[in-house]
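Asks: Below are the sequence and a predicted model for it; my questions follow.
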Amino acid sequence: METITQTLSHEHSRCDKLFAQSEESVAKTQWARAATEFADFKAAMERHFTMEEQVLFPTVEERTGQTMGPTQVMRMEHQQMRQVFADMQDSLTQQDSEQYLGLSETVLMLMQQHNAKEEQMLYPMSDQVLSDDVPSILNQMRTQGDSV
């Protein structure tokens, strides 16, 4: 059976690859390519955030009765990343590679720490708490993510 941990960890890897591509294009000052790749990265991250925020987190909160636990921390971290993404978009628009690459270091650190918490704690807990409902929840997450 496919798990939440497997599915969302794979999503993290996919987003990481898109991020690295855009960063490489900025480093080479290939601005048009970087803009397209960054847009792809940002869309993939929003899809991922939506899957978690609209389906996974509320379902885990309902099942555990905890609304101020790890899911709340993850939401706050999503907001932090969204702000850095907006700043990165501004630096792309201005074609400021120094600013972009500095921000990319920040977002890389945020993503690595965030993903580690999810992959090592939240996702395994979700798989355990949601057990038999995981296939249905994964389907709901994909449907919600595809609507972004």
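Replies: Thanks, I have the structure now. The structure displayed is predicted, hence computed values, not measured ones.
Asks: Can you list the helices and strands that the helix or strand of the chain with the lowest mean pLDDT packs against?
Replies: Comparing helices and strands within the chain by mean pLDDT, DSSP states H and E singles out helix 134-146 as the least confident, with a mean of 93. Applying 3 or more C-beta pairs under 8 Å, 6 or more residues apart in numbering; DSSP states H and E, one finds that helix 134-146 contacts helix 4-27, helix 31-51. Any C-beta I mention is one placed from the backbone N, CA and C, and that applies to glycine too.
Asks: quick one, the first one and helix 134-146 angle?
Replies: Okay, so that is helix 4-27. Helix 4-27 and helix 134-146 meet at an angle of 30 degrees, taking axes from the mean of the first three to the mean of the last three C-alpha atoms, to 10 degrees as the criterion.
Asks: got the contact list for helix 4-27?
Replies: For helix 4-27, the external contacting residues (C-beta atoms under 8 Å, 6 or more residues apart in numbering) are 31, 33-34, 37-38, 40-41, 44-45, 48, 51-52, 56, 92, 97, 100-101, 104, 107-108, 111, 115, 118-119, 123-124, 126-127, 130, 134, 137-138, 141.
Asks: And those, which of them are buried?
Replies: Buried members of those, counted by 16 or more other C-beta atoms under 10 Å: 34, 37-38, 41, 44-45, 48, 51-52, 56, 92, 97, 100, 104, 107, 111, 115, 118, 123, 126-127, 130, 134, 137-138, 141.
Asks: Now do the most centrally placed residue in the chain, the pLDDT please.
Replies: With distances taken as C-alpha atoms, centre = their mean, Met45 lies nearest the centre of the chain, 4.2 Å away. In this model, Met45 is scored at 97, pLDDT.
Asks: May I ask which helix or strand encompasses Gln66?
Replies: Using DSSP states H and E, Gln66 is not contained in any helix or strand.
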